[in-house]
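Novice: Take a look and give me a structure for this.
(one chain, ligands or ions: 2)
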Amino acid sequence: MKQIAPRYVALIPAAGVGARMASSSPKQYLPIGAKPMLRHTLDAFVSSPLIAHTYVVVSAHDEYIDAIVPSGAATVLRCGGASRMESVRNALRALEGELHEHDWVLVHDAARPGLNAALIGKLIDAVGNDPVGGLLALPVVDTVKRGGDHVSTVARGGLWLAQTPQMFRYKLLCDALAAATDASVITDDASAVEALGLSPKLVEGHPRNLKVTLPADIRIAEMYLAAP
Ligand SMILES: Nc1ccn([C@@H]2O[C@H](COP(=O)(O)OP(=O)(O)OP(=O)(O)O)[C@@H](O)[C@H]2O)c(=O)n1
Ligand SMILES: C[C@](O)(CO)[C@H](O)COP(=O)(O)O
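Specialist: Numbering: from 1, shown residues only. Ligands and ions are numbered 1, 2, ... in the order given. Now for the predicted structure:
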């Protein structure tokens with residue numbers, strides 16, 4: 001039987017409120033240089049020849065997205081949930097019948113505008129033949145402390161900070177998120193896959209792919225996006 005070549009699609013969770021940014025509008029719409037944050041993220045996928053299609057999941061009442069997405073460039077899914085986990089799960093359910101079970105889904109935070117073609121290609125090259133899937137991540141380079149009444153040092157050997165995209169086959173990702181229950185534990189897509197007893201591949205990312213979370217992150221992101 002002729003093998004169907006798997007496609008690579010992007011799914012951008014963009015239904016957050018950006019509480020830690022404490023801005024007047026959801027942080028994914030704040031300007032980073034000349035463009036809104038989400039537009040940088042969208043453009044990285046839309047301009048990649050490796051990505052067959054891009055989906056953006058926003059809250060049902062989002063008032064900003066229509067001015068951001070170039071017509072036809074991406075599909076907007078208005079099914080965002082109360083947590084990132086729920087937003088991704090809702091989007092995957094909405095894509096039932098549109099995606100093939102073996103399609104690779106690259107889930108990438110709207111809040112990581114520094115993603116570029118090189119990082120997308122690096123992840124796909126490294127994970128495209130992996131039996132589980134994988135994600136971009138950065139090895140920890142600072143000493144790690146656990147706070148509280150008795151401060152202690154956490155051995156950093158083997159510790160990584162997860163980035164996105166996190167890429168998994170559509171069916172596996174659906175199954176993993178369907179089984180996930182606690183959004184405070186399943187804070188990324190890989191943790192849902194790990195909860196099935198599987199081990200995603202870690203691929204070294206880049207500091208430019210930071211998650212813009214706090215006000216000070218805006219300038220850092222602008223610095224990286226100003227450089228070619
Ligand atoms: N209910 C949610 C919460 C988050 N996200 C998305 O998940 C990504 C990473 O989440 P985070 O950086 O925490 O964004 P916010 O939840 O908006 O930020 P905060 O936690 O400060 O409110 C963001 O692109 C955000 O839009 C989402 O799609 N749906
Ligand atoms: C998915 C993620 O970016 C990986 O580090 C992170 O878990 C998102 O966390 P947030 O609290 O939803 O920003």
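Novice: List the residues that contact residue 65.
Specialist: Contact partners of residue 65, counting by Cβ atoms under 8 Å, 6 or more residues apart in numbering, are 14, 38, 56, 58, 76. For every residue, glycine as well, the C-beta is placed using N, CA and C.
Novice: Farthest pair within the residues you listed?
Specialist: Greatest spatial distance among the contacts of residue 65 (Cβ to Cβ): 38 and 76, at 10.9 Å.
Novice: ok, back up a step: and ligand 1, which of the contacts of residue 65 reach it?
Specialist: For ligand 1, the contacts drawn from the contacts of residue 65 by Cβ under 6 Å from any ligand atom are residue 14.
Novice: residues touching whatever residue of the chain ends up closest to ligand 1, list them.
Specialist: Here the residue of the chain nearest ligand 1 is residue 16; by Cβ to the nearest ligand atom that distance is 2.1 Å. Listed by Cβ under 8 Å, 6+ apart, the contact partners of residue 16 are 26, 27, 28, 84, 87, 110, 111.
Novice: quick one: which of the residues you listed sit in helices?
Specialist: 84, 87 (DSSP state H).
Novice: can you give me phi and psi for residue 207?
Specialist: Phi and psi for residue 207, reported as degrees, to the nearest 10, are phi -60, psi -20.
Novice: and if you look at residue 137?
Specialist: Dihedral angles of residue 137 (phi, psi; degrees, to the nearest 10) stand at phi -160, psi 160.
Novice: gap between it and residue 163?
Specialist: 6 Å (Cβ to Cβ, to the nearest Å).
Novice: for residue 74, same thing?
Specialist: Residue 74 is 21 Å from residue 163, by Cβ to Cβ.
Novice: what about the closest residue to residue 66 other than its chain neighbours, distance to residue 199?
Specialist: Of all residues not flanking residue 66 in the chain, residue 76 sits nearest, at 7.6 Å (Cβ to Cβ, 6 or more residues apart in numbering). Applying Cβ to Cβ, the value for residue 76 to residue 199 is 33 Å.
Novice: State the pLDDT value of residue 189.
Specialist: pLDDT for residue 189: 97.
Novice: scratch that, residue 88 is what I was asking about
Specialist: 98.
Novice: got the end-to-end distance for stretch 131-147?
Specialist: 37 Å (Cα to Cα, to the nearest Å).
Novice: my bad, should have said stretch 199-213
Specialist: Using Cα to Cα, the two ends of stretch 199-213 sit 27 Å apart.
Novice: Could you list the low-pLDDT ranges of the chain?
Specialist: For the chain, residues meeting the criterion pLDDT under 70 lie at 1-4, 228.
Novice: hmm, who's touching stretch 128-144?
Specialist: Residues from elsewhere that reach stretch 128-144 (Cβ under 8 Å, 6+ apart): 8, 104, 119, 122-123, 126-127, 153-156, 159-169, 172-173, 188-190, 193, 198-207, 209.
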